[in-house]
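Q: Got a sequence here, can you build the structure:
(chains A, B and C)
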Amino acid sequence: MNIVHADFAVENYDLPATLGSGQAFGWRCGPQGWTGVVNGRWVRLRAGGGRIAAETAAPAADWQWLRHYLQLDVNLPEILAAFPSDDAALQAAVRACPGLRLLRQEPWECLACFICSSSKQIVQIQQITALLSRRFGEPLPVPPGEEPAYSFPGFARLADVSESDLRECKLGFRAPYLRGTAQKLAAGEGDLGRLAKLSLDEARAELLKLPGVGMKIADCVLLFGYGFPEAFPVDVWIMKALRRHYFPRRSVTPARLRRFIRSHFGPRAGYAQQYLFHYMRVIENARGTK
DNA sequence: TCCCAGGCTGCTT
DNA sequence: AAGCAGCATGGG
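A: Next up, the predicted model:
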């Protein structure tokens, strides 16, 4: 089995923070780097010295799929410079983790994983999605001596899986949601590929038609899967941050909150969201419980 | 034992 | 329209 290497020069790219920041759930950190599956290929990544080194198990014609996934061509300093300068909380989050990036994941996998995510901790989402891959995905070529790896099962495959089989993957009450969404897509009711050509609001409206998909999950898919940079998923962590920093001692209606997000964070609000999320969840939390 | 987790749905007011 | 119980499962 051939092992194929590549090397990318990067600036302002914090690979561990990006792969571990709760936007993708398939990456595992080991002594030799971060191992995961991108578009049906086993990959290991290692960062250092202004470079990201990549290793795969099978030769590919080019590396565009990985550059696209890692969003290597995004001009991060330009995005960070456009954040509101008078926002102390956001600026602190940026200073704490200046190379945090957004990935561009495959939309179906992203959608399925976030349907599994509701009211779950990130570690558990990782476990659930790993079970789905192992059980219903296809085995992938890996270098000798490596753990087996599996593709993430497509919606056609999951549409044929019984609810109890999904529950055995620890999906709990999310099982009928994932099954329902997979069946709808398999039946041609909804075309994920078409969403990329729509506006943010139009694409969100399409996602909201799927079972188990509300505002939060829709915005995650729009941000992490389709690359709409203004999508701003509001989960419990972000809600905590927004209340604390922007609405102390005030109740906020969802409509007012959305208006605030749009006007305050601007057209790249999704990046601001990821910085606030990571700061709240990892950095502030670690400081508080140390 | 209790509270919470990258929520959504459907039923009550 | 807004509030809220219920939904599985596991971590701290």
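
Q: average pLDDT across stretch A:44-56?
A: Throughout stretch A:44-56, pLDDT has a mean value of 97.

Q: How about stretch A:264-274?
A: Rounded mean pLDDT across stretch A:264-274 is 98.

Q: That stretch vs DNA strand B: in contact?
A: Yes - judged by C-beta under 7 Å from any atom of the strand, stretch A:264-274 comes into contact with DNA strand B at A:273, A:274. Where C-beta positions appear, they are placed from N, C-alpha and C, glycine not excepted.

Q: Go ahead and name everything in contact with that stretch.
A: A:21, A:23, A:79-80, A:82-84, A:87, A:90, A:100, A:102, A:219, A:223, A:228-233, A:238, A:246, A:261-262 (C-beta atoms under 8 Å, 6 or more residues apart in numbering).

Q: Could I have the PyMOL command that selects the buried members from the residues you listed?
A: Of those, the buried ones can be selected in PyMOL as follows, counting by 16 or more other C-beta atoms under 10 Å:
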select buried, chain A and resi 21+23+79+80+83+87+90+100+102+219+223+228+229+230+231+232+233+238+246+261
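
Q: Show only the entries of the contacts of stretch A:264-274 found in strands.
A: Under the assignment DSSP state E, these contribute nothing to strands.

Q: out of the contacts of stretch A:264-274, who's near DNA strand B?
A: Subset of the contacts of stretch A:264-274 in contact with DNA strand B: A:21, A:23, A:233, A:238, counting by C-beta under 7 Å from any atom of the strand.

Q: Skipping its backbone neighbours, what lies nearest residue A:126 in space?
A: Distances taken as C-beta to C-beta, 6 or more residues apart in numbering put residue A:25 closest to residue A:126, at 4.7 Å, once the chain neighbours are dropped.

Q: how many other residues sit next to the closest residue to DNA strand C within the stretch 101-250 of chain A?
A: Here the stretch 101-250 of chain A gets closest to DNA strand C at one residue, residue A:172, 2.7 Å apart by C-beta to the nearest atom of the strand. Look at residue A:172: counted by other C-beta atoms under 10 Å, it has 14 neighbours.

Q: For it, give its distance to DNA strand B.
A: For residue A:172, the distance to DNA strand B equals 9 Å [C-beta to the nearest atom of the strand, to the nearest Å].

Q: Pull up the residues of the stretch 51-200 of chain A that are close to DNA strand C.
A: Checking the stretch 51-200 of chain A against DNA strand C by C-beta under 7 Å from any atom of the strand, the hits are A:119, A:120, A:121, A:123, A:124, A:167, A:170, A:172, A:173.

Q: did I read that right, residue A:37 in a strand?
A: Yes - residue state for residue A:37 (DSSP: H, G, I helix; E, B strand; the rest coil) corresponds to a strand.

Q: For it, give its distance to DNA strand B.
A: Distance from residue A:37 to DNA strand B, by C-beta to the nearest atom of the strand: 18 Å.

Q: okay, residue A:199: pLDDT?
A: Note on residue A:199: pLDDT of 98.

Q: residues contacting residue A:255?
A: Contacts of residue A:255 (C-beta under 8 Å, 6+ apart): none.

Q: For it, what is the enclosing helix or strand?
A: Using DSSP states H and E, residue A:255 sits in helix A:254-265.

Q: and residue A:113, helix, strand or coil?
A: helix.

Q: is it true that it touches residue A:129?
A: Yes - with contact defined as C-beta atoms under 8 Å, residue A:113 counts as touching residue A:129 (5.1 Å).

Q: Mind listing the shared neighbours of those two?
A: A:25, A:152.

Q: More neighbours: which of these two?
A: A count of neighbours by other C-beta under 10 Å puts residue A:113 above the other of residue A:113 and residue A:129, at 26 against 23.

Q: Show the contacting residues for the more buried one.
A: By C-beta under 8 Å, 6+ apart, the contact list for residue A:113 reads A:24, A:25, A:125, A:129, A:152.
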